[in-house]
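Sequence and predicted structure below; questions after.
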Amino acid sequence: MEVIKHDIVIIGAGLAGLRAAIAAAEKSREVSIALISKTYPIRCHSVCAEGGTAAVLREDEGDSFDLHGWDTVKGADFLADQDAVEFFVREIPKEILRLDNWGCPWSRREDGKIAQRAFGGQSFNRTVFAADRTGFHEVHTLYERSLMYPNITRYDEYFVTNLFIEDNAVKGVSAIHLKTGELAFFNAKAVILATGGAGRLYGFTTYSHQVTGDGLAIAYRAGVPLKDMEFVQFHPTGLIPSGILMTEACRGEGGYLRNRNGERFMEKYAPERMELAPRDVVARAMWTEIIEGRGFEGPYGPYIALDLTHLGEEKIEERLPLIRDAARKFAGIDPVEEPIPVKPVAHYTMGGVHTNMWTETPVRGLYAAGEVAAVSIHGANRLGSNSTAECLVFGRVAGEKAVEFVQGKRFSEITRDEMLAEEKRLFDEFLGRSGDENPYEIKKELNEVMDRHFWIFRTGEEMKEGIKKIQELKRRYGNIEIVDKKRGFNTDLMQAMEIGFMLDLAETVAVGAYARTESRGAHYRLDYPKRDDENWLKHTLAYYTPEGPKLEYIPVTITKWQPVERKY
Amino acid sequence: MEREVLFRIRRFDGDKSYWQDFRFTAKRGMTVLDGLYYIKENLDGSLAFRASCRMGVCGSCAVKINGKPRLACETQILDIGSTLEIEPLDNMPVLKDLIVDMDDFFRKHEAVKPYLMREDDDYENPKELLQTPKELHAYYDFTLCIKCGACYSACPASATRSDYLGPAAITAAYRFCADSRDEGKEERLSLVSGSEGVWRCHFNAECSEVCPKSIEPAKAVQKMRLMSAIHMIKSIFR
């Protein structure tokens, strides 16, 4: 085993992790920073973000911080903390300019300024973009910039297994160095979690294979509460059959949604905003059309048509080249000529590690930023183009806060006993065990439970049954066998552990959703179809116990926007 | 439509290398990556490969399929045929099965200083830079590199000289030199003009042939050569 020491350890090298690393390195050239990721950094899921990043750049043309703040709070169905939202909207423009200065190939207007486009729920064309590969370009820009700082040390392809906390202060993490299969221990004064969401809980999902919620699960098991996990975003347009994202920019650029009668059915559900209503509204409308028999029939079940044919080849090539490429390669459809077959798809984890607006968790020295965290600015429903923005703003905050925190602090070492216990847990008790369950079969069944019992429309009865099934899967997981017993690059071991993480997280989603007897944002209950501010204008906190999550509730911060009925 | 297919996979367990055959029924729409997952989840959990986005933007899953480097995630099984020979990429050490060590590949990318360099770089007070759509188009295609390593695997110069920077790194250098916002051209040119740089390229354009993003690294190398030649002549007369 290897013991490594850094002032700050950042786990995850997507947008938030890379941004945190740069912020920390900019703030101090003295602190040593470790950037740990289970893939190479540019293989992160952030590269899949397509549509753009919201920012108020043109107050002279009619946009304002108040407008962006209000759109976000209303989009969130009033579950967002408004102090955090106000801070967020003011900070993001600077991040856009920084990326410009670091080489991001933003799409441009004819006058050379950064271009912006329309997005769902945003009442001004404020979404900055780089064609429809925004996340990809942002990640590569940040990764390349991060190479400039000598005090950032990268640990690529290290799989984090545990968080060490003593007296409510963080003291480090353990990680398997995948190349060798050896366990490494990182002593740190501060740890930043930036590991992304938990989208692979679902079978039909836009997420990369490795978005398995590792950071969420590790924090949760170590006693850190998870906030608002019942709020899972369903993006309206997932490509059939793979679930690959067809960006909201398709609609931002003027695309239509049509049912089998050729109708633009959004006029029934959101007459003012039509296809550019927020995601929860559009996803429910599409699912209603499907349930009521107005979807198209295809070999993979019913679907809705995303029609871009009227936009013309030139505009599609200029603004949506990746969409065209993906539709051709993965569905055999050229959107210039034919509508794209889509249906709603699991897309974003609104919930996450409980933090305040400074990315601080309840554990001293432990920070969380990006999708892994619930700050919360997205509340019950995130607006498109606010997530990449969140990663940039709060990644920076986490990096800076961590630097301030470590000044003058001493290391508190992971003990020899803790190291030996972790080795034993992973290799003797987990890898060394024999059983008769295939972990991948358990994952498949978990996906089916989530797709069925915790989907767009929920009922108490179905969720209760779903919770039972998850608990049964957890029991069976105790009896899995990992067939690959070798140490070096054991992806079988890694994936079996990820599946264990997912089971714990599924339970927080399920139990939180079952308890919340109202409909708000993405959490919609057929048996409680109304929002209930009197009882439920509050955040859920889920604490780990061996018997399952224990729930507590905390108030939402309201500053200047009182909850009103949400209409589009 | 479905058909029985044979995946012949070159495996390496850390000690020995061998071929292993897997047969299963592939459906229309199933990609080579779907096939690898099918094998791992149902037939042999020890099979090791990399994958992430499954939509052709992350660069994780490049492998050789019937001799040619490709992204497994965007290759339809039925387009290839009934027998698929799958091997790890060339020119990088194999760690396990289809997983190669890319550390050196990424170090070469890092070595060409692939970031914007400007005199007025001000972290605290960034300012909007102007760039017209035309200036953007001049370099944009070269920003699309996903660093999957397909070009590097196919490159004969990389095969014979391990110190050659390779097509991906040189493309990255060109991408920044061609960016109207950049001022680091001279510095970067001196890095790629050396004996391990552009002049080592054999120019048989295999890299452009296999690039899954159609970037044409060979074109970038050629443009970089021209810049480098001008740079050398200028430095003689300086």
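It's in. Bear in mind the structure is a predicted one, so any value in this text is a computation, not a measurement.

middle-most residue in chain B, spatially?
residue B:149 (3.0 Å; Cα atoms, centre = their mean).

Was I right to think it contacts residue B:61?
No: the pair residue B:149 / residue B:61 is not scored as a contact, 10.6 Å apart, by Cβ atoms under 8 Å. Every residue, glycine included, has its C-beta placed from N, CA and C.

quick revisit: which phi and psi does the residue nearest to the centre of chain B have?
Dihedral pair for residue B:149: phi 90, psi 0, per degrees, to the nearest 10.

how close does it get to chain A?
10 Å (Cβ to the nearest Cβ, to the nearest Å).

Contacts only, for that residue.
Taking Cβ atoms under 8 Å, 6 or more residues apart in numbering or on different chains as the criterion, residue B:149 is in contact with B:59, B:62, B:69, B:89, B:92, B:100, B:102, B:105, B:168.

pLDDT score for it?
pLDDT, residue B:149: 98.

Equivalent analysis for the one 5 residues further on, please.
Reading off the confidence values, residue B:154 has pLDDT 97.

Just give the nearest non-adjacent residue to it, would you?
residue B:206 (4.1 Å; Cβ to Cβ, 6 or more residues apart in numbering or on different chains).

ditto for residue A:384
Residue A:384's closest residue in space is residue A:248 (Cβ to Cβ, 6+ apart), at 4.3 Å.

So that neighbour sits against residue A:119, correct?
Yes: because the distance of 5.9 Å satisfies Cβ under 8 Å, residue A:248 is recorded as touching residue A:119.

got a list of contacts for the helix or strand hosting residue A:163?
Assigned by DSSP states H and E, residue A:163 belongs to strand A:158-166. Taking contacts as Cβ under 8 Å, 6+ apart, the residues outside strand A:158-166 that touch it are A:11, A:36-38, A:170-178, A:183-184, A:191, A:195, A:214-215, A:218-219, A:222-223, A:363, A:366, A:412, A:414, A:418, A:422, A:426, A:494, A:497.

Same check on stretch A:293-306?
Here stretch A:293-306 has contacts from A:237, A:240-241, A:246, A:250-251, A:255-261, A:263, A:265, A:286, A:289-290, A:335, A:339-343, using Cβ under 8 Å, 6+ apart.

more crowded one of residue A:248 and residue A:119?
residue A:248 (32 against 28; other Cβ atoms under 10 Å in any protein chain shown).

what about the helices in the stretch 101-250 of chain A?
A:134-146, A:214-221, A:249-252 (DSSP state H, counting those that start in this stretch).

For residue A:478, which of the ones you listed is the nearest?
Taking Cβ to Cβ, helix A:214-221 is the member of the helices of the stretch 101-250 of chain A nearest to residue A:478, at 15.2 Å.

now for the closest one, which elements pack on it?
Using 3 or more Cβ pairs under 8 Å, 6 or more residues apart in numbering or on different chains; DSSP states H and E, the elements in contact with helix A:214-221 are strand A:158-166, strand A:182-193, strand A:226-227, strand A:352-354, strand A:366-368, helix A:491-515.

With mean pLDDT and mean neighbour count added, can I get the ones you listed in JSON lines?
What follows is the helices and strands packed on helix A:214-221, written out as JSON lines (pLDDT from 0 to 100; neighbours: other Cβ atoms under 10 Å in any protein chain shown):
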{"stretch": "strand A:158-166", "mean pLDDT": "98", "mean neighbour count": "21"}
{"stretch": "strand A:182-193", "mean pLDDT": "98", "mean neighbour count": "25"}
{"stretch": "strand A:226-227", "mean pLDDT": "98", "mean neighbour count": "26"}
{"stretch": "strand A:352-354", "mean pLDDT": "98", "mean neighbour count": "27"}
{"stretch": "strand A:366-368", "mean pLDDT": "98", "mean neighbour count": "29"}
{"stretch": "helix A:491-515", "mean pLDDT": "98", "mean neighbour count": "23"}
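
ok, which stretches of the stretch 351-500 of chain A are helices?
Using DSSP H, counting those that start in this stretch, helices in the stretch 351-500 of chain A cover A:387-406, A:416-423, A:439-453, A:460-477, A:491-515.

Export only the CA atoms of the second one, formatted as PDB.
The C-alpha coordinates for helix A:416-423 follow below in PDB (Å, rounded to 0.1, in the frame of the first residue of the first chain):
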ATOM      1  CA  ARG A 416      -2.300   2.100  10.300                       C
ATOM      2  CA  ASP A 417      -5.400   0.300  11.700                       C
ATOM      3  CA  GLU A 418      -7.700   2.200   9.400                       C
ATOM      4  CA  MET A 419      -5.600   1.300   6.400                       C
ATOM      5  CA  LEU A 420      -5.400  -2.400   7.300                       C
ATOM      6  CA  ALA A 421      -9.200  -2.500   7.900                       C
ATOM      7  CA  GLU A 422      -9.900  -1.000   4.500                       C
ATOM      8  CA  GLU A 423      -7.500  -3.500   2.800                       C
END
